[in-house]
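Visitor: Sequence first, predicted coordinates after that:
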Amino acid sequence: MQRYLVGGAVRDRLLGRPCGDRDWVIVGATPEQLIEQGFVPVGRDFPVFLDPLTREECALARTERKTAPGYHGFVFHTSPDVTLEEDLVRRDLTINAMAEDGEGHVIDPYGGQPDLQAKVLRHVSPAFGEDPVRILRLARFAARFHDFSIAPETMALMSEMVRQGEVDHLVAERVWQELARGLMEERPSRMLEVLRACGALQRLLPEVDRLWGVPQRAEYHPEVDTGVHLMMVLDMSAQLGCNLATRFACLGHDLGKGNTPADVLPRHIGHEGRSVKLLKVVCERLRVPVECRELAEVVAREHGHIHQSAALGAAALLRLLERCDAIRKPTRFHDVLMACEADARGRLGFEQTAYPQAARLREALALALAADANAAAQEAVARGLKGPAIGDAIRQVREAALKPLSG
């Protein structure tokens, strides 16, 4: 029995990058032998075990055979006779198909090290074409290793997979999982660039794909193209260190511009409301988590008002805070403002521009939260007020607290 470190840990060590989880492959063993040695079985689809000492995942070397379309259409085979090379040839990219033995020697049967040096993402074998998730994974790796190119033959294979309908069989949960991970990479725009280049974006996120080629007013958007703006906004969200929910909100904030009537362009009157409707469709289709969904809806609906909030007086400021549910969810409102800043700075020539609207609205929220709502409510009750009238009394106190911001 031999054990090898495989995949991302080997790749990242060679790149001098910090590695996260370590994955191991065991060659020359049976499940029964591992269980006898104290390994704990955890795999559902194929034999994966937890090491009794390190609790790291160890998989038996395996081969796999495609039996049906999509991600789940595989039959796996393990036996002591399966070699390390047979296991590695089924992996996605050459840079992920390397192993390391116990003495630190790299086993690289498929050219991962030369591709690392040349900064190329290349599929290992035709088996890549059997698993549509690999298109999403490659796009995610492109967002992480954004200075790597994609081998032409790999891009051609992905395009053919899309034409053959493989992408249409992806399950929503896996699409969201890879999309979310790609959004959290250093250059999320590259994920969209790759998915769009092979045709997968049109199949998975047509609401996003149709933004390219849609013009915006050049005085506000010197980059003009809405799709280009979206990529700039996503990269700005990464530069600002935004969390996943905020980055997803950036992805969906302008969806409504994709169906603006042609006779109105390059203006986009009412695109916020259309964006909210399209976001709901996307979120239902991909089963997006509630916190991402709710934040994205607020940003899509209110980002225009937030951009223009510098001129708002106390009453209008309070209405904006209420529409954003900022008083009940101040932390989420911070994320809303981060998304709006990414939107404002995700424009050609505006990357270094300050966004004072965020500071003013944070101050407004702090003043509204500091207003004594309990005292206002008790006084209203003492005056015999009920229901909505009590809410109005609280609102008056908060509006008064915002007066200093009115100039």
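Guide: Okay, I see it. Nothing here was measured: the structure is a model prediction, and the numbers come from that model.
Visitor: Sort out which residues of stretch 374-394 are buried, please.
Guide: If you call a residue buried by 16 or more other CB atoms under 10 Å, then stretch 374-394 has these buried ones: 376, 377, 380, 390, 393, 394. Quick note: C-beta positions are derived from backbone N, CA and C, even for glycine.
Visitor: Secondary structure element holding the closest residue to the third one other than its chain neighbours?
Guide: Pointing back at residue 380 there. Nearest non-adjacent residue to residue 380, counting by CB to CB, 6 or more residues apart in numbering: residue 393, 3.9 Å away. Element membership for residue 393 (DSSP states H and E) is helix 388-401.
Visitor: Give me the contacts around that helix.
Guide: 314-315, 318, 327, 367-368, 370-373, 375-377, 379-381, 385 (CB atoms under 8 Å, 6 or more residues apart in numbering).
Visitor: quick one: which of these sit in helices?
Guide: If you go by DSSP state H, the contacts of helix 388-401 have 314-315, 318, 367-368, 370, 373, 375-377, 379-381 in helices.
Visitor: Residue 53 versus the nearest residue to residue 299 once chain neighbours are set aside, what's the distance?
Guide: Distance criterion CB to CB, 6+ apart; nearest residue to residue 299, sequence neighbours excluded, is residue 249 at 4.0 Å. From residue 249 over to residue 53 the distance is 43 Å, taken as CB to CB, to the nearest Å.
Visitor: Repeat that for residue 84.
Guide: From residue 84 over to residue 53 (counting by CB to CB), the distance is 22 Å.
Visitor: Could you do residue 115 as well?
Guide: 34 Å.
Visitor: that older thread, pipe the ones in helices among the contacts of helix 388-401 into TSV and attach pLDDT and distance to residue 280 per row.
Guide: Output for those, formatted as TSV (pLDDT from 0 to 100; distance: CB to CB, whole Å):
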residue	pLDDT	distance to residue 280
314	95	32
315	94	30
318	95	27
367	94	33
368	94	29
370	91	35
373	83	32
375	87	39
376	80	36
377	80	34
379	83	41
380	81	37
381	80	39
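Visitor: For this structure, which helix or strand comes out least confident on mean pLDDT?
Guide: strand 74-78 (a mean of 66; mean pLDDT, DSSP states H and E).
Visitor: That one: what's the following helix or strand?
Guide: Next element after strand 74-78 (DSSP H and E): helix 84-88.
Visitor: Any chance you could list what contacts that following helix?
Guide: Helix 84-88 is touched from outside by 2, 4, 6, 25, 27, 61-63, 97-99, 107, 109-110, 124, with contacts defined as CB under 8 Å, 6+ apart.
Visitor: make it 10 Å
Guide: 2, 4, 6-7, 25-28, 59-64, 77-78, 94, 96-99, 101, 107-110, 112, 124-125 (CB atoms under 10 Å, 6 or more residues apart in numbering).
Visitor: what residues are up against residue 275?
Guide: Contacts of residue 275 (CB under 10 Å, 6+ apart): 207, 252-259, 268, 296-297, 299-301, 303.
Visitor: ok, residue 84 and residue 53, which is more surrounded?
Guide: The residue with more neighbours, out of residue 84 and residue 53, is residue 84; 19 against 8, by other CB atoms under 10 Å.
Visitor: distance of that one from residue 220?
Guide: As for residue 84, its distance to residue 220 is 57 Å (criterion: CB to CB).
Visitor: in which helix or strand would I find the residue lying closest to residue 126 once chain neighbours are set aside?
Guide: Distances taken as CB to CB, 6+ apart place residue 157 nearest to residue 126, at 7.8 Å, with adjacent residues excluded. Element membership for residue 157, per DSSP H and E: helix 152-163.
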